[in-house]
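K.L.:
Pasted the sequence and its predicted model underneath.
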Amino acid sequence: MAATIDAPQSGTEQSQNDQITQLEQEIQRISNKLSNSGYVSKAPAAAIEKERIRLEKFEQSLKTLRERQAS
C-alpha cells in the first residue's frame, strides 16, 4: 500500500490549525460546564452569563478562522 505524503503546511496555516484546535477545546470545556446542572445550580448568575458570553466569542472566532482557512 502506498503511503501518502501531505504537503508541508505553512507557518500561518499551522498556526491557524493550532488556534482552531484550542478554540474547539475551549468551546467543549465551556459547553460541558454549562451543561452541568450542578455547576449551573450553584454558580452565581453573573458567572454563568460570563461563560455564555465567552462561549459565544469563541464560537464566533472559530467560525471566522474556519472561513479564513477555507478561502
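P.N.:
Alright, I've got the coordinates.

K.L.:
mind checking how far residue 33 is from residue 54?
P.N.:
10 Å (C-beta to C-beta, to the nearest Å). The way it works is simple: take the backbone N, C-alpha and C, and place the C-beta from them, glycine included.

K.L.:
where's the helix or strand of the chain with the lowest mean pLDDT relative to the chain centroid, distance-wise?
P.N.:
When the helices and strands of the chain are scored by mean pLDDT, DSSP states H and E, helix 11-35 comes last with a mean of 93. Chain-centre distance of helix 11-35: 3 Å, with C-alpha atoms, centre = their mean, to the nearest Å.

K.L.:
average pLDDT across the helix or strand that comes right after that helix?
P.N.:
Next along the chain after helix 11-35, taking DSSP states H and E as the criterion, comes helix 37-42. Throughout helix 37-42, pLDDT has a mean value of 96.

K.L.:
tell me which strands and helices helix 37-42 is in contact with?
P.N.:
If you count contacts as 3 or more C-beta pairs under 8 Å, 6 or more residues apart in numbering; DSSP states H and E, helix 37-42 packs onto no helix or strand.

K.L.:
then that helix to PDB, C-alphas only?
P.N.:
Taking Å, rounded to 0.1, in the frame of the first residue of the first chain, the C-alpha atoms of helix 37-42 are listed here in PDB:
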ATOM      1  CA  SER A  37     -26.600  21.000  36.300                       C
ATOM      2  CA  GLY A  38     -24.600  21.000  39.400                       C
ATOM      3  CA  TYR A  39     -22.500  23.900  38.200                       C
ATOM      4  CA  VAL A  40     -25.400  25.900  36.900                       C
ATOM      5  CA  SER A  41     -27.400  25.400  40.100                       C
ATOM      6  CA  LYS A  42     -24.600  26.600  42.400                       C
END
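
K.L.:
Could you list which residues are in contact with the closest residue to residue 66 other than its chain neighbours?
P.N.:
Of all residues not flanking residue 66 in the chain, residue 20 sits nearest, at 6.8 Å (C-beta to C-beta, 6 or more residues apart in numbering). By C-beta atoms under 8 Å, 6 or more residues apart in numbering, the contact set of residue 20 is 62, 65-66, 69.
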